[in-house]
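Novice: Quick one, what's the 3D model for this:
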Amino acid sequence: MSAPDPRARVVVLAGPSGAGKSRLAERLHTTHGWPIVRLDDFYRDLDDAADPPMPRHVGLGIIDWDHPDSWHASAAVAALVELVDTGSTSTPVYDISHSRAVGTTTVRARPRDLVLAEGIFAAEVVAQLREAGVLHSAWCIHHRPLVTFVRRLARDLKERRKSPMVLVRRGLALMRAEPEVIRRQEALGARSARAKDVEARLALAVGPRRD
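Specialist: Numbers count the residues shown, from 1 in each chain. Prediction:
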């Protein structure tokens with residue numbers, strides 16, 4: 001998939017939580033040197049009182065961190081556009097275990113770089129990125145739901161994101177909802193694919209690395 005417009009450089013890596021988006025982004029970064037914008041860092045703080053209110057999960061009785069309203073979509077788009085246009089942007093650093101941003105970091109991109117925008121809400125901004133003229137391609141990374149459940153639980157327990165009981169209950173709910181998550185992200189403009197296939201397609205699209 002080519003990008004004839006020099007500004008169309010943002011590769012959206014969406015997909016269910018635990019599907020392998022971050023691992024794919026890291027491999028592409030290592031191979032090509034492309035910058036990663038971690039869109040999950042644009043989560044709202046736990047005590048954010050702005051409208052709309054923080055969404056709550058009816059079944060679990062906790063804030064629904066898998067609902068797009070728990071996330072700053074407009075700020076994420078603005079950062080990606082700034083990165084493409086200027087070569088640099090400042091993004092939050094979010095601590096999931098404390099449910100708040102704890103700092104900022106600077107992301108830089110070279111003129112020929114693809115920009116890897118990965119996160120569970122990444123598909124939500126596909127249309128805005130396309131309208132802004134910076135979208136290269138959008139992908140919904142997925143695997144078998146049970147594989148995703150195991151990977152997600154292992155990651156979340158290792159990082160102590162929430163209590164083990166909350167992580168198990170949330171993980172089971174996400175596994176049941178995964179087919180619908182994939183359908184929604186496809187409807188938003190992300191193309192469903194395995195991580196290894198996306199990796200191969202992007203490598204073909206840009207050719208060998210240029211330093």
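Novice: Please list all residues in contact with residue 35.
Specialist: Contact partners of residue 35, counting by CB atoms under 8 Å, 6 or more residues apart in numbering, are 29, 83, 107, 108, 109, 113, 115, 116. For glycine as for every other residue, the C-beta is placed from the backbone atoms N, C-alpha and C.
Novice: ok, the nearest residue to the fourth one once chain neighbours are set aside - contacts?
Specialist: Distance criterion CB to CB, 6 or more residues apart in numbering; nearest residue to residue 108, sequence neighbours excluded, is residue 88 at 5.0 Å. By CB under 8 Å, 6+ apart, the residues touching residue 88 are 82, 106, 107, 108, 109.
Novice: give the contact list for the last one.
Specialist: Read it as residue 109. 9, 34, 35, 83, 84, 87, 88, 115.
Novice: Strands of this protein, residue ranges please.
Specialist: Taking DSSP state E, the strands of the chain run over residues 10-14, 36-38, 88-95, 100-108, 115-118, 135-141, 191-193.
Novice: sorry, back to before: could you measure from the residue nearest to residue 108 over to residue 115?
Specialist: For residue 88, the distance to residue 115 equals 12 Å [CB to CB, to the nearest Å].
Novice: Just the pLDDT at the residue nearest to residue 106 when sequence neighbours are not counted, thanks.
Specialist: Spatially, and ignoring its direct neighbours in sequence, residue 106 is nearest to residue 90 (5.6 Å; CB to CB, 6+ apart). At residue 90, the model reports a pLDDT of 98.
Novice: Likewise for residue 2?
Specialist: Reported pLDDT for residue 2: 47.
Novice: where does residue 159 land on pLDDT?
Specialist: 69.
Novice: Ok, the one 3 residues further on next?
Specialist: What the model reports as pLDDT for residue 162 is 70.
Novice: circling back to that earlier point, neighbour-wise, which one of the contacts of residue 35 leads?
Specialist: Scoring the contacts of residue 35 on neighbours with other CB atoms under 10 Å, the highest-scoring entry is residue 116 at 27 neighbours.
Novice: Tell me what that one is bridged to.
Specialist: With DSSP bridges applied, residue 116 shows beta-bridge pairing to residue 11, residue 36.
Novice: Report the separation between it and residue 34.
Specialist: Between residue 116 and residue 34 the distance is 5 Å, computed by CB to CB.
Novice: What's the local residue count around the nearest residue to residue 52 once chain neighbours are set aside?
Specialist: Spatially, and ignoring its direct neighbours in sequence, residue 52 is nearest to residue 69 (5.1 Å; CB to CB, 6+ apart). The local packing count at residue 69 equals 14, with neighbours defined by other CB under 10 Å.
Novice: tally of neighbours for the nearest residue to residue 93 once chain neighbours are set aside?
Specialist: The shortest distance from residue 93 to any non-neighbouring residue, by CB to CB, 6+ apart, is to residue 103 (4.3 Å). A count of nearby residues for residue 103, using other CB under 10 Å, gives 9.
Novice: got the phi/psi numbers for residue 18?
Specialist: Reported as degrees, to the nearest 10, the phi and psi values for residue 18 are phi 90, psi 0.
Novice: isn't it right up against residue 151?
Specialist: Yes: between residue 18 and residue 151 there is a contact at 4.7 Å, judged by CB atoms under 8 Å.
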